[in-house]
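What shape does this take:
(chains A and B)
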Amino acid sequence: AQTVTQSQPEMSVQEAETVTLSCTYDTSESDYYLFWYKQPPSRQMILVIRQEAYKQQNATENRFSVNFQKAAKSFSLKISDSQLGDAAMYFCAYLLSNAGGTSYGKLTFGQGTILTVHP
Amino acid sequence: DAGITQSPRYKITETGRQVTLMCHQTWSHSYMFWYRQDLGHGLRLIYYSAAADITDKGEVPDGYVVSRSKTENFPLTLESATRSQTSVYFCASNNRMGTEAFFGQGTRLTVV
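I've put the predicted structure just below:
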């Protein structure tokens, strides 16, 4: 079974600074996706960024980027120029590719990291 | 409205009562899921469904029942609520390619 571990229950950053959230995972599969979701106090789950395991290039979305180390099974999220609106719970998640029609799109989540942004 | 909708958003119930959480999606996605969110555990899969009338257990299914008579609806029932089922519940859906999940707004359930 796949597992996802976020070892930082809480992180904090000063506004305009950079912060990195850590995530490690364990899988024996080679074809999968990794995600970072943001959950603000509204509870809405917002997709921040997605990485396909077969792509060597790290995904980026504006101020958000990942460092995907497939061999090390590490998937960290870097937030640059942090803003007050970035304050939220962040979840790392794993999704086995459904190319074989057997994964059914089931996500495995890490425990979450609460990010606080200080003005 | 297009999307995935959960109801109610908040619910307080008593121990031993039956309660049903509703989930409706308008995309005709094949896959639907119920997760519960608890501090320190992230989101854990309760049940999932690959299509109408096809459901299966996830990681934490005990105490829950699901049904899926129509593609767009996937209700979750707690047959006899317990305090340990106090949680935030998320419904989600995914297309057959399974490359991205879409989440409802969540239901905060308190069992007293």
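
Is A:E52 in contact with A:F35, as I believe?
No. Proximity of A:E52 to A:F35 does not meet the contact threshold set by Cβ atoms under 8 Å, at 10.6 Å. Bear in mind the C-beta positions are built from the backbone N, C-alpha and C, glycine included.

More neighbours: those two, which one.
A:F35 (26 against 15; other Cβ atoms under 10 Å in any protein chain shown).

thought that one was touching A:I46?
No. Using Cβ under 8 Å as the test, A:F35 is too far from A:I46 to be in contact (10.7 Å).

Would you point out which residue is most central in chain A?
A:W36 (2.8 Å; Cα atoms, centre = their mean).

Please list all residues in contact with it.
Neighbouring residues of A:W36 by Cβ atoms under 8 Å, 6 or more residues apart in numbering or on different chains: A:21, A:23, A:47-49, A:64, A:66, A:77, A:90-93.

Narrow those to those in strands?
Among those, the members found in strands (DSSP state E) are A:21, A:47-49, A:64, A:66, A:77, A:90-93.

could you pick out which of these are near chain B?
Restricting the ones in strands among the contacts of A:W36 to those adjacent to chain B (criterion: Cβ under 8 Å from any Cβ of the partner chain) gives A:47, A:91, A:93.

and those, which are buried?
A:91, A:93 (16 or more other Cβ atoms under 10 Å in any protein chain shown).

Near residue 5, how many other residues are there?
Picking chain A for this. Around A:T5 there are 14 other residues, counting by other Cβ under 10 Å.

nope, chain B please
B:T5 - counted by other Cβ under 10 Å - has 15 other residues nearby.

Skipping its backbone neighbours, what lies nearest it in space?
Closest residue to B:T5 apart from its sequence neighbours, by Cβ to Cβ, 6 or more residues apart in numbering or on different chains: B:H24 at 5.0 Å.

Lovely, talk soon.
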